[in-house]
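# model the structure of this input:
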Amino acid sequence: MGIVEEWMIILGISLDVFAVMECQGSLVAKVERKQLLAFCSILAAGQGLALGIGDFISTLLRKYAAQGDDIFLGQVIAAAIFLCQGVRLFLKAWHNERIVERREEKFDAAEFIRLHARTSIFTLLTGIAFGFLGSSIWVLLILLTVTTVLVTVFGMYTGYRLGFEHKMKAYLAGGMLLVAGGMDVIFIHMGDIIF
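Sure thing, here's the model as predicted:
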């Protein structure tokens, strides 16, 4: 899988983080740089850890499955993970869960950690998929870290300035990128075996 396709999938899962940060930004009275730096650090470290654990799990699974059919099965699993995550983001956009937008003087750290834990589960699944595709974990970690920091900052400021209304667009864009990534795996990587 090429770096463009890998970044496209990472951006797709990161747009979920963007939507979470947009909602958080719509609630704060002021965006504090120290707090934003802490958010970026926590999210980048958590996302990187989840991706690394997913890659490790797939490495263990691939260790016992080195046959051609098993490689094909890994590609099927990777495509299914990307497609299912894309559908999940489409469903989140369709539901368009409303939040009560009110300024809060104090940030709710427990809610932030809970939201981050939920998004990290899907990053772990993405790590498993990338592992089955044989992607370089170091390239993925660099792409994920940079993308996570950018979407965290942009999400927070978008929510602070414009409210949380753009999260539906983020979910749709993320869903499209993930579905495109799943289709890429089907037609490019599995196409050699199928056709």
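# going forward, measure contacts and count neighbours with C-alpha atoms only.
Fine.
# need the three-state assignment for Ser135.
Classification of Ser135 by DSSP: H, G, I helix; E, B strand; the rest coil places it in coil.
# what pLDDT is listed against Ile193?
What the model reports for Ile193 is a pLDDT of 55.
# do Glu104 as well
Looking at Glu104, its pLDDT reads 57.
# how about Ala180?
Listed pLDDT for Ala180 reads 92.
# who are the packing partners of the helix or strand hosting it?
Assigned by DSSP states H and E, Ala180 belongs to helix 167-184. Applying 3 or more C-alpha pairs under 8 Å, 6 or more residues apart in numbering; DSSP states H and E, we find helix 167-184 packed against helix 3-27, helix 68-95.
# can you tell which of those is closest to Lys34?
helix 3-27 (14.1 Å; C-alpha to C-alpha).
# what about that closest one, distance to the chain center?
6 Å (C-alpha atoms, centre = their mean, to the nearest Å).
# mind listing what's buried in it?
For helix 3-27, the neighbour count (16 or more other C-alpha atoms under 10 Å) marks 5-27 as buried.
# helix 68-95 and that one, what's the angle between them?
Relative orientation of helix 3-27 versus helix 68-95 (axes from the mean of the first three to the mean of the last three C-alpha atoms, to 10 degrees): 30 degrees.
# who does helix 3-27 touch, helix- and strand-wise?
helix 109-133, helix 137-162, helix 167-184.
# now these as TSV including mean neighbour count?
Listed next are the helices and strands packed on helix 3-27 as TSV, based on neighbours: other C-alpha atoms under 10 Å:
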stretch	mean neighbour count
helix 109-133	19
helix 137-162	19
helix 167-184	23
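# least confident of those helices, on average?
Among these, helix 109-133 has the lowest mean pLDDT, at a mean of 84.
# next, Gly134: phi, psi?
Main-chain dihedrals, Gly134, degrees, to the nearest 10: phi 80, psi 30.
# swap that for Val31, please
With angles defined as degrees, to the nearest 10, Val31 sits at phi -80, psi 110.
# helices or strands next to the longest helix along the chain in the packing?
Counting by DSSP state H, the longest helix found in the chain is helix 33-63. Helices and strands touching helix 33-63, by 3+ C-alpha pairs under 8 Å, 6+ apart, are helix 109-133, helix 137-162.
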